[in-house]
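Structure here, sequence nowhere to be found:
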C-alpha cells in the first residue's frame, strides 16, 4: 500500500463513529476499536465504512 497518513485516517474514523454514536450508542465501541487498531485494521475499517483511501495518500516531495 502506498504511504497513508494513518494519523489523519484514524482521526477521521474516530470523528465518523463519534457522529454515528449520537444516533447509535453502540458506535462508541467502534471508536475504541479504531483507537487501538493497527494500520492494517484501520484500512479494513475505512474501506468497510466507504472511505476513499486515495484521500489519505501522502506523496513524497522527492519525486525523481
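Nice, thanks for sending it over. In this text, all values refer to a predicted model and were calculated from it rather than measured experimentally. Numbers count the residues shown, from 1 in each chain.

For residue 40, see how far away residue 8 is.
When distances are taken as C-beta to C-beta, to the nearest Å, residue 8 and residue 40 turn out to be 17 Å apart. All C-beta spots, glycine's among them, are computed from the backbone N, C-alpha and C.

centroid residue for this structure?
Centroid check for the chain by C-alpha atoms, centre = their mean gives residue 9 as the closest residue, at 3.5 Å.

In contact with it, which residues?
Residue 9 makes contact with 42, 46, 51, 53, 56 under the criterion C-beta atoms under 8 Å, 6 or more residues apart in numbering.

follow-up on the earlier one: neighbour-wise, which of residue 8 and residue 40 wins?
In terms of neighbours (other C-beta atoms under 10 Å), residue 8 is the more surrounded of residue 8 and residue 40; the figures are 12 against 9.

hang on, the earlier thing: excluding its backbone neighbours, what's nearest the residue nearest to the centre of the chain?
Leaving aside its sequence neighbours, residue 9 sits nearest to residue 56 (C-beta to C-beta, 6 or more residues apart in numbering; 4.9 Å).
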